[in-house]
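Student: got a structure for you, letters missing:
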């Protein structure tokens, strides 16, 4: 099969790899209908995180089940499925508490690679959720979004306790931040303020439900937000970047007793204890337990109540994966969908 | 009046100071019945935090109202009152959300000093809670504990979401940690594990409801806790120290999706973003909004359902404040009560 392999920072190739096969009897093999490039794929692409030797890429996927192991009970070949970027058994105590991304048997799908024609999905019953039937073609981008960016934005909004009566601020206008806006709106937030200085992203944010835009960032952005909130800050802040500046902007944007939901991968971030202490905020985040939300997100997409697929502003054949990475790296695209 | 003044690290004196008087019409003047030395008073005493020039000391207090300003509505001279270490209006949006220690008009009582015969309490209606009558002498230590250490331990347990079915771990066996044990028990925790290597503190922890003791600390302590919790860690962890080691021990002791309630003042602490991210814990803490809990804590003490005053293992006249600081600094005492 054809699959994306990263050889070194900036060096993404599409190569012939062996077709996956069942290794454990709880595995499924899927034919990938659509995959995409994640903001977190840019960390090794930019050399920020180290990678030893060539590595398969991709952890977002939708597809059709081709084969299942003998212990798979709930899935059968031919079903269209959406999965999360962590395989999980969905039965352990951590999964049952809603933290499937930290399942005691979690397997990162990024180590398997889904930017490929086929993929092995471990713990298939606990990981994959079947759609009610074969989706119309126009639903595929939204279902793919559910696999990570929507699920992650949704978790961030839940972690930030977005809800009725709340002012929600969103730090980061990438795909996750934009879908955090959408999630906050669905959760009933009264006011949704997004920090953004890009006209196209501002437009999408407003489509997704943003009520206010702040173009300043850092402490200037915080000051603007305080102006909008009677000097107090937002009740709920979604952090969807993962840098020192964005984390501090998120914490400082939150009123005492408010909630920060952070989902940007916080490489090289050090949180100053004493400032955090006196901020008196709630801080919660991490790798989103997307599996917790998949049934609900699939229903909302299936019923065409939400259209998160709009975050894909470029679609390329899998063979052009190198261009997909370049477009995201150079910020020419918010998010690129790949068709195997 | 006589009052404690710290002139420099290690240099605590009891001196003659001017009697306090009403400065704002929302003030009250109280005659202090009992005050005490806080773990946080040891930061400047040890020179860890800087202090310029002589400073009044103390922020924990119970006493009798002597005088009130013309705008004080709910209090009158002769009432016995308990207050928090932050004066608060208890009416602003932050107070109404339960974060009175971050009230928009908060005044730190430590800047006024309550290790004294009298004290001015700003925003008296929002800060002080009157007891049902004059307390019996044996209730005074417990009511004084409510003013900070009990209220802080209680907040930590609430922030850590201690409750039925939960295993709660407590990092720190000082007065706050010990009262975190008591709070976790009252909140219905199933199992309460305390990290402690001091026999006398272990004994008090067990009296307050601890079910398990771990004598190891740091990563060894974490490993022991994991042994006790099926490899997962505690649902709820109370952090009551405030050092880098204790914060990391608390975070690492918490299962994914679990809750850390931290109330140790985190001087010189830097939290590594990437470890925090993958821990997937909830982190909440800060200066405890003791005022939120005072009515309930006073009721529990008045009805003799709890006896938090046991944390005071030394009682001295105010004139011997220097010895009180020495005893706490040298860990000869858990907590010292001062009688003005």
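Tutor: Structure's in. What do you need? Remember, it's a predicted structure, so these values are computed and weren't measured experimentally.

Student: Residue A:66 belongs to a helix, doesn't it?
Tutor: No - Residue A:66 sits outside any helix when classified using DSSP: H, G, I helix; E, B strand; the rest coil, being strand.

Student: distance of it from residue A:124?
Tutor: As judged by CB to CB, to the nearest Å, residue A:66 and residue A:124 stand 11 Å apart. Any C-beta I mention is one placed from the backbone N, CA and C, and that applies to glycine too.

Student: which bits of the stretch 1-150 of chain A sit near chain B?
Tutor: Contact residues, the stretch 1-150 of chain A versus chain B (CB under 8 Å from any CB of the partner chain): A:93, A:94, A:97, A:98, A:99, A:101, A:102, A:104.

Student: tell me which residues in the helix or strand residue A:275 falls within are buried?
Tutor: Here residue A:275 sits within helix A:273-279, counting by DSSP states H and E. Across helix A:273-279, burial judged by 16 or more other CB atoms under 10 Å in any protein chain shown covers A:273, A:276, A:277, A:279.

Student: overlap between those and the residues near chain B?
Tutor: Okay, of the buried residues of helix A:273-279 touching chain B (CB under 8 Å from any CB), that's A:273, A:276, A:277, A:279.

Student: Would you format those residues as a markdown table with pLDDT and distance to residue A:188 included?
Tutor: Listed next are those as a markdown table, based on pLDDT from 0 to 100; distance: CB to CB, whole Å:
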| residue | pLDDT | distance to residue A:188 |
| --- | --- | --- |
| A:273 | 96 | 33 |
| A:276 | 97 | 28 |
| A:277 | 97 | 31 |
| A:279 | 98 | 25 |
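
Student: which one of those residues is nearest chain B?
Tutor: residue A:273 (2.8 Å; CB to the nearest CB).

Student: Would you check that the closest one makes contact with residue B:272?
Tutor: No - Residue A:273 lies out of contact with residue B:272 (CB atoms under 8 Å); the separation is 11.3 Å.

Student: tally of neighbours for whichever residue of the stretch 101-250 of chain A sits closest to chain B?
Tutor: Proximity to chain B, evaluated over the stretch 101-250 of chain A using CB to the nearest CB, is greatest for residue A:102 at 3.4 Å. By the criterion of other CB atoms under 10 Å in any protein chain shown, residue A:102 has 23 neighbours.

Student: contacting residues for it?
Tutor: The contact partners of residue A:102, by CB atoms under 8 Å, 6 or more residues apart in numbering or on different chains, come to A:86, A:94, A:286, A:287, A:289, B:256, B:257, B:278, B:280.

Student: ok, and the most crowded of those?
Tutor: Going by other CB under 10 Å, residue A:289 tops the contacts of residue A:102 with 28 neighbours.

Student: pLDDT score for it?
Tutor: We have a pLDDT of 98 for residue A:289.

Student: Check the gap between it and residue A:247 for me.
Tutor: Counting by CB to CB, the gap from residue A:289 to residue A:247 is 20 Å.

Student: got it, and residue A:65?
Tutor: Per CB to CB, residue A:65 is found 39 Å from residue A:247.

Student: Pick out whichever of those two has more residues nearby.
Tutor: residue A:247 (25 against 21).

Student: you'd agree that one is in a helix?
Tutor: Yes - assessed with three-state DSSP, residue A:247 lies in a helix.

Student: close enough to count as contact, residue A:14 and residue A:3?
Tutor: Yes - the criterion here is CB under 8 Å, and residue A:14 meets it with residue A:3 at 7.1 Å.

Student: Which one's more surrounded, the two?
Tutor: The residue with more neighbours, out of residue A:14 and residue A:3, is residue A:3; 27 against 19, by other CB under 10 Å.

Student: That one should be in a helix, yeah?
Tutor: No - counting by three-state DSSP, residue A:3 is located in no helix; its state is strand.

Student: how about the strands in the stretch 51-200 of chain A?
Tutor: Along the stretch 51-200 of chain A, the segments classed as strands by DSSP state E, counting those that start in this stretch run A:55-56, A:61-68, A:80-83, A:86-87, A:107-108, A:118-121, A:128-130, A:167-171, A:191-195.

Student: And the fifth one, how far out from the chain middle?
Tutor: Put simply, strand A:107-108 sits 15 Å off its chain's centre (CA atoms, centre = their mean, to the nearest Å).

Student: Ok, the first one next?
Tutor: Here the centre of strand A:55-56 is set off from its chain's centre by 20 Å, with CA atoms, centre = their mean.

Student: Now do residue A:16 against residue B:56, distance only.
Tutor: 77 Å.

Student: Can you report how many residues lie near the nearest residue to residue A:312 once chain neighbours are set aside?
Tutor: Sequence neighbours aside, residue A:337 is the residue nearest to residue A:312 in space, at 4.4 Å (criterion: CB to CB, 6 or more residues apart in numbering or on different chains). Burial of residue A:337 is recorded as 22 neighbouring residues (other CB under 10 Å).

Student: Confidence-wise, which helix or strand of chain A is lowest on average?
Tutor: Least confident helix or strand of chain A, by mean pLDDT, DSSP states H and E, is helix A:42-45 with a mean of 92.

Student: Check which helices and strands it sits against.
Tutor: helix A:321-329 (3 or more CB pairs under 8 Å, 6 or more residues apart in numbering or on different chains; DSSP states H and E).

Student: List the beta-bridge partners for the residue lying closest to residue A:229 once chain neighbours are set aside.
Tutor: Nearest in space to residue A:229, with sequence neighbours left out and distances taken as CB to CB, 6+ apart, is residue A:167 at 5.7 Å. Residue A:167 has these beta-bridge partners by DSSP bridges: residue A:191.
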